[in-house]
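Undergrad: one predicted model, sequence on top.
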Amino acid sequence: MSDDYVSVIDLKPFMKNLNILLIILSRLEEHEQTNENFLLFHAADATGSVYLSCPYEIGKHLKFADIVRIKGGYCATVKGSLQLNAGRTGAIKRVGEYFLAFSEKPNISTLELDKPSE
């Protein structure tokens, strides 16, 4: 796995083994998937923002303005929206707080994904 970081604006469905540096903007919700609890966050870098899902046991320690480094993340579509996941196979680590340039727009999780032509 490379240490090259990807930007939020470059995220696409089904990308995997992603390394990315983000700042947490807000905690959105808790959800359950396959009998495991996850937390959903709104996170961003200088190019835009995305919804980030991570296991509850990790996410419960994250708060507004935490800067996190995700290694081995992957993108998926959930209810038609792009979501970045820091699942069991990836790693998420808090590396600082407050000082990371970011842009909330575009929020790529709210953009309509390209649908295959019929």
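TA: Here it is on my side, so go on.
Undergrad: for the spatially most central residue of the chain, phi and psi?
TA: The centroid of the chain falls nearest to L52 when counting by Cα atoms, centre = their mean (2.9 Å). Here is the backbone geometry of L52 (degrees, to the nearest 10): phi -120, psi 130.
Undergrad: what score does it have for pLDDT?
TA: As predicted, L52 sits at a pLDDT of 93.
Undergrad: what's the answer for M1, then?
TA: 41.
Undergrad: follow-up on the earlier one: run through the bridge partners of the residue nearest to the centre of the chain.
TA: Beta-bridge pairing for L52 (DSSP bridges): F41, L84.
Undergrad: do you know how far it is from K93?
TA: 13 Å (Cβ to Cβ, to the nearest Å). Yep, even glycine has a C-beta here, placed from its N, CA and C like the rest.
Undergrad: cool, F64 as well?
TA: Taken as Cβ to Cβ, the span from F64 to K93 is 17 Å.
Undergrad: same thing with N107?
TA: 24 Å.
Undergrad: who has more neighbours out of these two?
TA: Ranked by neighbour count (other Cβ atoms under 10 Å), N107 and K93 place N107 first, with 18 against 11.
Undergrad: tell me the contacts of the more buried one?
TA: N107 makes contacts with H42, G48, S49, V50, as judged by Cβ atoms under 8 Å, 6 or more residues apart in numbering.
Undergrad: most neighbours among these, which one?
TA: Neighbour max across the contacts of N107 (other Cβ under 10 Å) = V50, 25 neighbours.
Undergrad: looking at it, that one is touching P106, isn't it?
TA: No. Judged on Cβ atoms under 8 Å, V50 makes no contact with P106 at a distance of 9.6 Å.
Undergrad: contacting residues for A44?
TA: Neighbours of A44 in contact, by Cβ under 8 Å, 6+ apart: V8, L22, I23, L25, V50, F102, S103, E104.
Undergrad: also E97?
TA: E97 touches A65, D66, I67, counting by Cβ under 8 Å, 6+ apart.
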